[in-house]
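J.: following is a predicted model, sequence given first.
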Amino acid sequence: MKKRMKQLMAVMLSVALCVPAIPGAYGYAATSGTTFTQEEEIALSGLGSERSTLFNDGWKFSLSDPSGAESTSFNDGSWDAVTLPHDFSISQNFTTSGEAESGFLPGGTGWYRKSFTVPSGCDGKSVILSFDGVYQNAYVYVNGKQVGENHYGYTSFAFDISKYLVCDGLTDNVIAVKVVNKLPSSRWYSGSGIYRDVKLIVADQIHVSQNGTDHNPGYRKWCRNRFCKSKGCKQWNLFCKHHCPQYRLRQKRPESFRICRNYSDG
């Protein structure tokens with residue numbers, strides 16, 4: 001009798017161990033406690049729906065200096081497709097005629113172009129083209145018109161391009177950037193070209209300006225009281241013009257630079 005009971009218990013245990021292998025059991029477990037959904041698709045925001053849009057994709061580049069490259073009708077079909085940030089020195093051949101500071105890589109002149117449409121909702125708004133860094137001399141064109149230039153490779157800069165754009169959602173607008181890097185130009189490897197992000201900023205006509213929150217009225221007041229003893233104070237005029245007194249003050253009065261550098265408005 002005991003032997004038969006042991007056999008029966010062994011059979012029941014075997015059945016219990018085999019139950020999880022039955023497909024139906026898995027199906028019940030999956031549907032009872034777990035919910036499966038379709039793969040989510042994330043759509044990019046349209047131009048103008050966000051204040052700042054990353055503008056790094058869809059550029060064309062040529063390591064040359066062709067005439068008329070800023071024009072909307074210029075044919076850039078043979079140019080290389082690039083995504084920013086981009087360095088056109090690193091793609092060139094090393095040369096012993098170069099310099100150690102540039103990694104024995106040449107600089108040169110290159111052009112970037114990008115075509116895009118602007119929706120009608122951007123009409124009447126302020127559209128700002130912002131570069132985080134271009135090395136070294138940059139000349140920026142929108143639809144064939146030069147909107148500005150920058151001649152220092154380590155600072156950001158921006159231009160309001162609103163009046164140069166066609167905002168109808170159909171017409172191609174063309175941004176063209178000429179970049180010139182004549183060596184020697186740096187004490188270390190700098191690269192060449194649009195080597196940092198580009199952004200397109202869309203805002204209402206009344207808006208906080210680019211870097212407009214960086215303001216220290218106490219610092220301005222202190223410098224004015226410190227150096228402006230007469231109405232025609234040259235130091236204060238320089239401060240108002242260049243927004244940064246330290247470099248200007250150092251040239252005329254070295255002792256004042258030491259005081260200004262250590263000053264805190266807190």
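T.: Sure, I can see it.
J.: break down this protein into its helices, ranges please.
T.: Listed in chain order, the helices found in the chain under DSSP state H are 2-18, 23-33, 217-227, 234-242, 245-252, 254-262.
J.: quick one: residues contacting the nearest residue to residue 205 once chain neighbours are set aside.
T.: Closest residue to residue 205 apart from its sequence neighbours, by CB to CB, 6 or more residues apart in numbering: residue 126 at 5.6 Å. In this view, the C-beta of every residue, glycine as well, is placed from N, C-alpha and C. By CB atoms under 8 Å, 6 or more residues apart in numbering, the contact set of residue 126 is 160, 162, 201-205, 207.
J.: any of those buried? List them.
T.: Buried members of those, counted by 16 or more other CB atoms under 10 Å: 160, 162, 201-203.
J.: can you tell me which of those lies closest to residue 121?
T.: residue 202 (8.9 Å; CB to CB).
J.: hmm, that closest one is touching residue 124, no?
T.: No - Residue 202 is beyond contact range of residue 124, at 10.9 Å (criterion: CB atoms under 8 Å).
J.: from residue 189, how far off is residue 108?
T.: Using CB to CB, to the nearest Å, one gets 15 Å for the distance from residue 108 to residue 189.
J.: and those two? which has more neighbours close in?
T.: Between residue 108 and residue 189, counted using other CB atoms under 10 Å, the more crowded position is residue 108 (18 against 14).
J.: so what's that one bridging to?
T.: Taking DSSP bridges as the rule, residue 108 bridges to residue 181.
J.: I'd say it and residue 62 touch.
T.: No - counting by CB under 8 Å, residue 108 sits too far from residue 62 to count as a contact (10.9 Å).
J.: not counting sequence-adjacent ones, nearest residue to residue 207?
T.: Spatially, and ignoring its direct neighbours in sequence, residue 207 is nearest to residue 126 (6.2 Å; CB to CB, 6+ apart).
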